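S.K.: Provided below for reference: sequence and predicted model.
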Amino acid sequence: MANQYKCDMCGVPATVHITKIIDGKKIVVHLCQHCAEKNSMSIAPEFPQDILPKIKEIEDEFFAKTGTEDAHAASCPVCGTPLSSIEKTSRFHCPNCYKAFPEKAKELVMQMQGGSLKHTGKVPPQMEAKVDLSKKMNDIKTELDRAVQQERYEDAAVLRDKLKVISK
């Protein structure tokens, strides 16, 4: 499976993952090898004695970039589920939880879908035809937009007609 985490500092695939719990709040920092070395962190079995101050520096820089530190104390405004519960169970409790915690939703989807933000799993049998049709329509719409942008109006007309037929 491909690496599903990106470095919180630079965005390349992360190879060092640090989890820290402060006052009951779980904080996870993902770093690439370069950023971990730049911050004097080793992935050797023995951690340097001064690792906690280094982790704090990285967390502060990460939170300054993302502004997510306060989100750990937040709850869903509709169902009241705290973020800490979602982190423990990896389950959202209502559709509004996804809107209340978009970064956590993204992280969980990537974990479940092997690093992808798109659904790559199975579809219930009764929904396969609908999902296939929806995908086909989206593909045609994308091609139609491309044809219009490239001023291939005859191709665009054919694609438009296909969409009309499929949508009926």
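M.R.: Right, received. Where do you want to start?

S.K.: least confident secondary structure element in this structure?
M.R.: Across the helices and strands of the chain, mean confidence by mean pLDDT, DSSP states H and E is lowest for helix 51-66: a mean of 63.

S.K.: show the average pLDDT along stretch 77-84.
M.R.: Taken as a whole, stretch 77-84 has an average pLDDT of 83.

S.K.: in that stretch, which residues are buried?
M.R.: For stretch 77-84, a neighbour-count test (16 or more other C-beta atoms under 10 Å) marks T81, L83 as buried. To be clear about C-beta, it is placed using only N, CA and C from the backbone, and glycine gets the same treatment.

S.K.: and it, how far from the chain's centre?
M.R.: 19 Å (C-alpha atoms, centre = their mean, to the nearest Å).

S.K.: start and end of it, how far apart?
M.R.: Stretch 77-84 stretches 14 Å from its first residue to its last (C-alpha to C-alpha, to the nearest Å).

S.K.: what does it rub up against?
M.R.: With C-beta atoms under 8 Å, 6 or more residues apart in numbering as the test, stretch 77-84 has contacts from 24-26, 71-76, 92-94, 96-97, 100-101, 104.

S.K.: great, nothing more from me.
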